[in-house]
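Asker: my questions are about this predicted structure, shown below with the sequence.
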Amino acid sequence: MITRLNDRNYPRWAAQFRATGGCRQPIHLRGRILHVDRATGWLLHSYTTAGEPDGVLRLPCKTRRASRCPACAEVYRADTYHLIRAGLVGGKGVPASVTSHPCLFVTLTAPSFGPVHTPREKNGRPLPCYARRDAETCPHGRVMSCTARHGADESCLGEPLCPDCYDYIGSVLFNALAPQLWKYFTDALRRRVAKAAGLTLRELRAQCTISFAKVAEYQRRGVVHFHAVIRLDGPDGPSSSPPAWATADLLADAVRHAAHAVTATTPATADEPARILRWGRQLDVREITMDGELSDQAVAGYIAKYATKAAECVGTLDRRINPLDDLHAFNLRDHPRRLIAECMRLGNLDEYADLRLTQWAHMLGFRGHFSTRSRHYSTTMGAIRDERRDHTRTDEITASRLPLFDEDTVLVIAHWEYAGKGLSAGDALLARALTGIPLGSSPDTGGAV
Ligand SMILES: [Zn+2]
Ligand SMILES: [Zn+2]
Ligand SMILES: [Zn+2]
């Protein structure tokens, strides 16, 4: 840290760090870029990392995970927010008339795998967690009742009343098959909407598109939920009007029907029979309206928030787990450790090979995307990123850091190589000082180079 501070290149290092937006694990690149006039062969502009601190350019890691890099995850969260919101109220190339299309906010839950400690309340007053008058005693001698009124951040929340009775196998298999169950759900929804309108699937496509945007959220017990915006459009997506029969009520009925109808079956093994998995009984379907209780901002904010979270709220690890790792050596609570151990155990079985449970043990079996959109939902993350990049480029040109050139007449020759990642321990301390994070808060996860 002292060496860095005393380096005459320190201001440039600090400027680089600010240019990454405060990224905690920046990518280091070494190389150069030349802009040459095609007609005359004159060198118009050149840049090389040779003169930069440590001879490298630092670029943001662009992770979406807040636990790895809060700065880059915030950019991702903001981009997701604008993308989801554009699909609700228009903007970013989506016409404002989209507000008149029937649109629902749907939460699909996982079923129960055994009672877990839960904070409950009614009208703001805390209620007992799992109170049973004639509570049974389980085969492990535990009484299946908990009369505690849990606070919102007690560490036992999401943990089973009896870990030995809890269905760990069901929990990780549900996570593993949740993306498939979602796919079956969207297929069933299209069929149901077609049926309700008295159309074949082909006829439906000619009249109406069903657009989706969804995020996965981990519950504390370690299973995923899906939150989704589901919208009815005309045949060309948000720019075309849905037919008159396509109402929010019809869509809501079809969602309820499809959610209850679909199942995914797990492969049978020597010890485990095949299981039929379905969504949990809790199904939340709400209409998104411009003036109702569920506003577009609330929905976009909600989805964007979960898009930057992974399973860390369950207390699992934020990286892949090696089969040779000793799980007891990690500082994990019993519940996430058992979920991970179950993934590692089932991952060894040939029948479950396709589920790749070992590789996704740190995600408790879920290997799907956290945040997905169907093609017609809204603009794309790529388009939003391009817009931001063009904006930054215009700034750079205005500030004379980049030449203004016509792409047709200028030849750009670039050569880059990867030169590492992260901040050294001293750099990480300086980075914290620059971003105003107190030195005593949680340690940096970015490795030293
Ligand atoms: Zn970053
Ligand atoms: Zn409890
Ligand atoms: Zn038990």
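Answerer: Right, received. Where do you want to start? Numbers count the residues shown, from 1 in each chain. Ligands and ions are numbered 1, 2, ... in the order given.
Asker: look up how far residue 359 lies from residue 45.
Answerer: Residue 45 is 44 Å from residue 359, where distance means C-beta to C-beta, to the nearest Å. Backbone N, C-alpha and C define where each C-beta goes, glycine included.
Asker: no, scratch that, I was asking about residue 228
Answerer: Counting by C-beta to C-beta - residue 228 and residue 359 are separated by 26 Å.
Asker: ok, residue 312 next?
Answerer: 18 Å.
Asker: find the closest residue to ligand 3 in the stretch 201-350 of the chain.
Answerer: Nearest to ligand 3 in the stretch 201-350 of the chain, going by C-beta to the ion, is residue 338, at a distance of 13.2 Å.
Asker: and the residue in the stretch 151-300 of the chain that ligand 1 sits nearest to, bridged to which residues?
Answerer: Of all residues in the stretch 151-300 of the chain, the one sitting closest to ligand 1 is residue 215 (20.3 Å; C-beta to the ion). When assigned by DSSP bridges, residue 215 has beta-bridge partners residue 227, residue 371.
Asker: hmm, back to that, give me the more crowded residue out of residue 228 and residue 359.
Answerer: When neighbours are counted by other C-beta atoms under 10 Å, residue 228 and residue 359 differ, and residue 228 comes out ahead with 21 against 14.
Asker: wait, what's in contact with the more buried one?
Answerer: Going by C-beta atoms under 8 Å, 6 or more residues apart in numbering, residue 228 touches 105, 106, 107, 108, 212, 213, 214, 215.
Asker: which ones are touching residue 215?
Answerer: Residues near residue 215 by C-beta under 8 Å, 6+ apart: 226, 227, 228, 303, 306, 307, 370, 371.
Asker: what's the neighbour count on the first one?
Answerer: So the one you mean is residue 226. If we define neighbours as other C-beta under 10 Å, then residue 226 has 23 of them.
Asker: kindly report the same for the fourth one.
Answerer: As a burial measure, residue 303 scores 25 neighbours (other C-beta under 10 Å).
Asker: kindly report the residues of the stretch 251-400 of the chain close to ligand 1.
Answerer: Within the stretch 251-400 of the chain, not a single residue sits near ligand 1 (C-beta under 5 Å from the ion).
Asker: please enumerate the helices of the stretch 101-250 of the chain.
Answerer: Remark: helices assigned in the stretch 101-250 of the chain by DSSP state H, counting those that start in this stretch are 168-196, 201-207, 248-261.
Asker: contacting residues for the closest residue in space to residue 155 that isn't next to it in sequence?
Answerer: Nearest residue to residue 155 in three dimensions, chain neighbours excluded: residue 333, at 7.0 Å (C-beta to C-beta, 6 or more residues apart in numbering). Taking C-beta under 8 Å, 6+ apart as the criterion, residue 333 is in contact with 155, 159, 315.
Asker: tell me how far the first one lies from residue 336.
Answerer: Separation of residue 155 from residue 336 (C-beta to C-beta) stands at 11 Å.
Asker: these two: who's more crowded?
Answerer: Per other C-beta under 10 Å, whichever of residue 155 and residue 336 has more neighbours is residue 336, with 23 against 10.
Asker: how many neighbours does residue 48 have?
Answerer: For residue 48, using other C-beta under 10 Å, the count is 14.
Asker: swap that for residue 408, sorry
Answerer: Quick note: residue 408 (other C-beta under 10 Å) scores 6 neighbours.
Asker: which SS class is it?
Answerer: Recorded secondary structure, residue 408: coil (DSSP: H, G, I helix; E, B strand; the rest coil).
Asker: quick one: pLDDT of the closest residue in space to residue 246 that isn't next to it in sequence?
Answerer: Spatial nearest neighbour of residue 246, excluding adjacent residues (C-beta to C-beta, 6+ apart): residue 232 at 4.4 Å. Looking at residue 232, its pLDDT is 95.
Asker: I'd like to know how many residues surround residue 232.
Answerer: Residue 232, neighbours per other C-beta under 10 Å, totals 23.
Asker: what residues are bridge-paired with it?
Answerer: residue 210.
Asker: report the contact partners of it.
Answerer: Residue 232 neighbours (C-beta under 8 Å, 6+ apart): 101, 102, 103, 193, 208, 209, 210, 211, 242, 246, 251.
Asker: show me what the worst-scoring helix or strand of the chain on mean pLDDT packs onto, helices and strands only.
Answerer: Across the helices and strands of the chain, mean pLDDT, DSSP states H and E gives its lowest value to helix 381-398, namely a mean of 76. Where contact means 3 or more C-beta pairs under 8 Å, 6 or more residues apart in numbering; DSSP states H and E, helix 381-398 is packed against helix 70-89.
Asker: from the chain's centre, how far out does the helix it packs on sit?
Answerer: With C-alpha atoms, centre = their mean, to the nearest Å as the basis, helix 70-89 stands 11 Å off its chain's centre.
Asker: per-residue confidence averaged over that helix?
Answerer: The average pLDDT for helix 70-89 rounds to 87.
Asker: check stretch 419-430 too.
Answerer: 92.
Asker: what comes up buried for it?
Answerer: 419, 422, 423, 424, 427, 428, 430 (16 or more other C-beta atoms under 10 Å).
Asker: correct me if wrong: residue 371 contacts residue 307.
Answerer: Yes: here residue 371 reaches residue 307: they are 4.0 Å apart, a contact under C-beta atoms under 8 Å.
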